[in-house]
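> this is a predicted model, with the sequence first.
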Amino acid sequence: MPELSRYRWTIPILAQLARTDGSRFVPLAVALGLSRDALRQTLDALIDLGLVTPNPGYGHPTRPEYILTEDGRHVAPSCAKLVRHVQEYGLDPVAYKKWSLPTVAALSRPRRYGELRREVGATPRAMILVLKDLVVADVVERRVHDEFPPRTSYRLTRLGRSLRTRVMRIEGALEDIALDLAGVRRREVDRQTRKRAHKAEMRSKQQA
């Protein structure tokens, strides 16, 4: 999830490309209501992640300029479901901030502040701000326990749990891609190893 939450618009862009089966640059910016610079920066990040690619057949007026890759098509439907849920509950102002979704994902159970911050990897200030936003949005509940010294913990509300379900579907899709990539790389390493072994065997026979 950190890969997608780094930029504010990654998930909405993937969802929009899934809905429209690709898009040209300007209509995509208009549909999402973001600046050209923000769109260009986020598209570059998604291209680097291997989820979006410039359309090699672009040029005809009706053809999209940007399309989802095979990996992108695997992830984008889950992004679309998350976007619909966020819109339904008015969570747009908070959901796509950098640390919001990683925090929701980390709250599989109630956690104390320090434990949660270590899990998410945010700075102290960023963690305080995101928790404040999520509490105000009724996604996270802050509890102060009657102990000495006082102990504070955070847990998801009912709305937060429903949001986390959709976040984890995206996590699952990203893990599927990572496993596929790992398998491809492993097979390539094996192929190269066999190729080198074969060459060494041939040289040995020639020298004999």
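Done, it's in.
> rest of the way, CA atoms for contacts and neighbours
OK.
> which one is residue 159 nearest to, not counting chain neighbours?
residue 139 (5.6 Å; C-alpha to C-alpha, 6 or more residues apart in numbering).
> which residue ranges of this structure form strands?
Assigned strands in the chain, in chain order: 52-54, 66-68, 111-112, 140-145, 151-156 (criterion: DSSP state E).
> redo the ones you listed as JSON lines? Include distance to residue 11 and mean pLDDT.
Converted to JSON lines, those look like this (distance: least, C-alpha to C-alpha, whole Å; pLDDT from 0 to 100):
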{"stretch": "strand 52-54", "distance to residue 11": "12", "mean pLDDT": "92"}
{"stretch": "strand 66-68", "distance to residue 11": "12", "mean pLDDT": "94"}
{"stretch": "strand 111-112", "distance to residue 11": "26", "mean pLDDT": "94"}
{"stretch": "strand 140-145", "distance to residue 11": "21", "mean pLDDT": "92"}
{"stretch": "strand 151-156", "distance to residue 11": "21", "mean pLDDT": "94"}
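> please identify the most buried of these.
strand 66-68 (a mean of 24; mean count of other C-alpha atoms under 10 Å).
> elements contacting that strand?
helix 10-20, strand 52-54 (3 or more C-alpha pairs under 8 Å, 6 or more residues apart in numbering; DSSP states H and E).
> what's in contact with it?
The contact list for strand 66-68, computed with C-alpha atoms under 8 Å, 6 or more residues apart in numbering, reads 14, 17-18, 21-25, 51-55.
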